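>>> coords below, sequence missing:
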Ligand code: ADP
Ligand code: ZN
């Protein structure tokens, strides 16, 4: 995929140029400063020098920095053979250059010896004392600390502003948004065809596509256009893919970035990035802004935020809300955000006109996994007899991303074995490998666990089917979602008054899961925690709130003035507390026994249902009707 950086216009200095420049400068100055010194003069030795002096070849010398001597020969001597090559070209401006140079040890000794040689030969040689300064070197040395400090500063700024996301040298771009732009015409080639499964979600986003394609159709009638949609689901379930597909279908530009990109160490950066992002998007409208992991900025704003440490995040969130409120119906920019924790988000985000549409993107069931396999098997050279059905059954709990990974891994494994096509065993090996890596981050279900979950959920379904007052069932699934491994979905009747029979039937159905485990495996598990919690709460409410227990009587301990919070003192005696506890456990136990009885009586149907569930992972009312026959109590209204 080609992603264009949208900040072309901003001047940028590559860090490599910058550091390279500094180093280059150093080298340049170094050579320069020593170059005008006498490095390129012919070297000689003190003894040779005194030889030249004694034969009268030397005209004058310069003693440089009390360390070195530069020797100037007389004109006749220069042209002699022994001094050949020592005469440098004569530059009028630079003056005459010396012929030789050498270093002596001690200045005193050297002067004495020179004097002696002069006297012996009756000569007089001009001696100049010169202090040659290495200007460039000194200058550089005094500048070095500053250069270093500036260098380090820039380095840190760069680190902060690029946040490791690959963009180098964004010294001047801190406040700019880091959104990647996928241009409609060139880059976004993803359409709904590439998104397998997710039918419900696709249907919901279809409206957004329609709007982006033809906004006037909606605004003409005075309707308000959605501004934001929130995709909620586990990682890898295809939220980004879906958002891209929306852009691809509508053929509009797609700005993509992650919530954490907004949050920086500098105050005000997040807010200014939000502003910049929306500005860019408006320029390209109609457009889609996709914010992944919105929880990074959208977490509920703390009520008791004493430290003020999250101020920056709050400012960013406020800016986002302002921008979303700010753009009118004709801006044609739609924000799609993704999260796997809708519960932690600030309520303000979900208000009308913001992310008021929530679209759930669940882990795929067998049928959907098969479809996803088909998408990702397309580019592979697969064995002709590859059973996709089988593969999708082998991968419960896998997300779309995991399946994409399996396909890729299988191809690599097959290549390693020098195969001509990717076969069943390669896929199984790939699944094993990926499961090994997944166990920590994802929910991977072993076949036994899957069976236990299937019977548990089938237990709920069977019991509720058999009970007149239990809420009618709409869907049973063993696809994990959030914290639960499976779920039975009921259609609760809207009741204003709840009768004890209804409460008891519902409790019985809720206990059906654990009862099924007991009936089938003669073992119970921890899987019924949330069921038990629900049942216990309900039983306690029956006894202490609604006055529905014989032993406690028509008493409520509910206090509407303080929301039923007792604090330290309970409004009843120790003795009553005991009675309440007894009553609660008696109610629950009775319903548990009832559930057990129902399941014992319908064991074969329960097993049949669990088998269908194991096979299909999701079943609906129709499947139940096939096994149990029509539910006698269902009224026509519910069937329609
Ligand atoms: P999320 O944003 O939910 O974490 P992504 O959309 O980034 O997940 O999905 C990662 C990859 O997984 C996608 O690029 C795609 O290859 C694959 N994938 C996920 N869901 C599906 C799906 N429903 N159909 C096809 N591929 C999928
Ligand atoms: Zn349960």
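Cool, got the structure. Quick caveat: nothing in here was measured; it's all calculated off a predicted structure. Ligands and ions are numbered 1, 2, ... in the order given.

>>> Pick out the residue of this protein closest to ligand 1.
Among the residues of the chain, residue 400 lies nearest to ligand 1; the distance is 2.0 Å by C-beta to the nearest ligand atom. For glycine as for every other residue, the C-beta is placed from the backbone atoms N, C-alpha and C.

>>> Distance-wise, check that residue relative to ligand 2.
From residue 400 across to ligand 2, the span is 26 Å (C-beta to the ion, to the nearest Å).

>>> doesn't residue 201 make contact with that residue?
No: taking C-beta atoms under 8 Å as the contact criterion, residue 400 and residue 201 are not neighbours in contact, 11.7 Å apart.

>>> With neighbour numbers in mind, choose between these two.
For residue 400 versus residue 201, the count of surrounding residues by other C-beta atoms under 10 Å is larger for residue 400: 28 against 22.

>>> which residue sits closest to that one in space, ignoring its chain neighbours?
Taking C-beta to C-beta, 6 or more residues apart in numbering, and ignoring the residues beside it in sequence, residue 400 has residue 238 as its nearest neighbour in space, at 4.5 Å.

>>> For that neighbour, give me its contacts.
When contacts are counted by C-beta atoms under 8 Å, 6 or more residues apart in numbering, residue 238 touches 195, 197-198, 361, 399-401.

>>> How much space separates it from residue 271?
Distance of residue 238 to residue 271, given as C-beta to C-beta, to the nearest Å: 31 Å.

>>> Same question for residue 69.
Plainly put, residue 69 is 69 Å away from residue 271 if you go by C-beta to C-beta.

>>> what ranges of the stretch 401-550 of the chain fall below the confidence cut-off?
436-444, 481-485, 489-496 (pLDDT under 70).

>>> In it, mark out all the helices, start to finish.
Remark: helices assigned in the stretch 401-550 of the chain by DSSP state H, counting those that start in this stretch are 424-438, 447-466, 500-521, 529-544.

>>> Including mean neighbour count and distance to residue 339, could those go into TSV?
Compiled in TSV, the helices of the stretch 401-550 of the chain are given as follows (neighbours: other C-beta atoms under 10 Å; distance: least, C-beta to C-beta, whole Å):
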stretch	mean neighbour count	distance to residue 339
helix 424-438	18	21
helix 447-466	24	26
helix 500-521	23	29
helix 529-544	18	22
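
>>> Would you format those helices as CSV with distance to ligand 2 included?
Shown next, in CSV, are the helices of the stretch 401-550 of the chain (distance: least, C-beta to the ion, whole Å):
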stretch, distance to ligand 2
helix 424-438, 24
helix 447-466, 5
helix 500-521, 3
helix 529-544, 4
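
>>> Residues of the protein that sit close to ligand 2?
513, 531 (C-beta under 5 Å from the ion).

>>> how does the protein divide up, domain by domain?
What automatic domain parsing lists as the domains of the chain is 38-131, 180-303+311-361, 366-436, 447-628.

>>> Spell out which helix or strand contains the residue in the stretch 151-300 of the chain that ligand 2 sits nearest to, please.
Among the residues of the stretch 151-300 of the chain, residue 234 lies closest to ligand 2, at 20.0 Å counting by C-beta to the ion. Residue 234 is located outside every helix and strand, with elements delineated by DSSP states H and E.

>>> And for residue 622?
With secondary structure defined by DSSP H and E, residue 622 is part of helix 621-628.

>>> now the angle between helix 447-466 and that helix, please.
For helix 621-628 against helix 447-466, the angle by axes from the mean of the first three to the mean of the last three C-alpha atoms, to 10 degrees is 80 degrees.

>>> Do me a favour and average the pLDDT over helix 621-628.
The predicted model assigns helix 621-628 a mean pLDDT of 85.

>>> that older thread, residue 418 versus the residue of the chain closest to ligand 1, what's the distance?
Taking C-beta to C-beta as the criterion, residue 400 is separated from residue 418 by 30 Å.

>>> where do the strands sit along this structure?
In the chain, the strands defined using DSSP state E lie at 42-43, 58-64, 68-73, 100-103, 126-130, 180-182, 228-232, 254-258, 287-292, 333-339, 357-360, 473-477, 487-490, 618-620.

>>> Adding mean neighbour count as columns, could you present those in TSV?
Listed next are those as TSV, based on neighbours: other C-beta atoms under 10 Å:
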stretch	mean neighbour count
strand 42-43	14
strand 58-64	19
strand 68-73	21
strand 100-103	18
strand 126-130	12
strand 180-182	21
strand 228-232	24
strand 254-258	22
strand 287-292	26
strand 333-339	27
strand 357-360	17
strand 473-477	20
strand 487-490	19
strand 618-620	19
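
>>> Mind putting the ones you listed into TSV with distance to residue 505?
Written out in TSV, the entries for these read as follows (distance: least, C-beta to C-beta, whole Å):
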stretch	distance to residue 505
strand 42-43	109
strand 58-64	109
strand 68-73	108
strand 100-103	108
strand 126-130	111
strand 180-182	53
strand 228-232	32
strand 254-258	47
strand 287-292	44
strand 333-339	36
strand 357-360	28
strand 473-477	13
strand 487-490	11
strand 618-620	21
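
>>> what pLDDT does the residue in the chain sticking out farthest from the centre get?
With C-alpha atoms, centre = their mean as the measure, the chain has its most outlying C-alpha, relative to the mean C-alpha position, at residue 122: 89.3 Å. The confidence metric pLDDT takes the value 82 at residue 122.

>>> Run through the residues that contact the nearest residue to residue 606 once chain neighbours are set aside.
Nearest in space to residue 606, with sequence neighbours left out and distances taken as C-beta to C-beta, 6+ apart, is residue 462 at 4.9 Å. Residue 462 sits next to 512, 516, 598-599, 602, 605-606, 609, 628 when contact means C-beta under 8 Å, 6+ apart.

>>> Give me every residue in this structure lying close to ligand 1.
Residues of the chain lying close to ligand 1 (C-beta under 6 Å from any ligand atom) are 195-198, 233, 235-241, 338, 372, 375, 400-401, 404.
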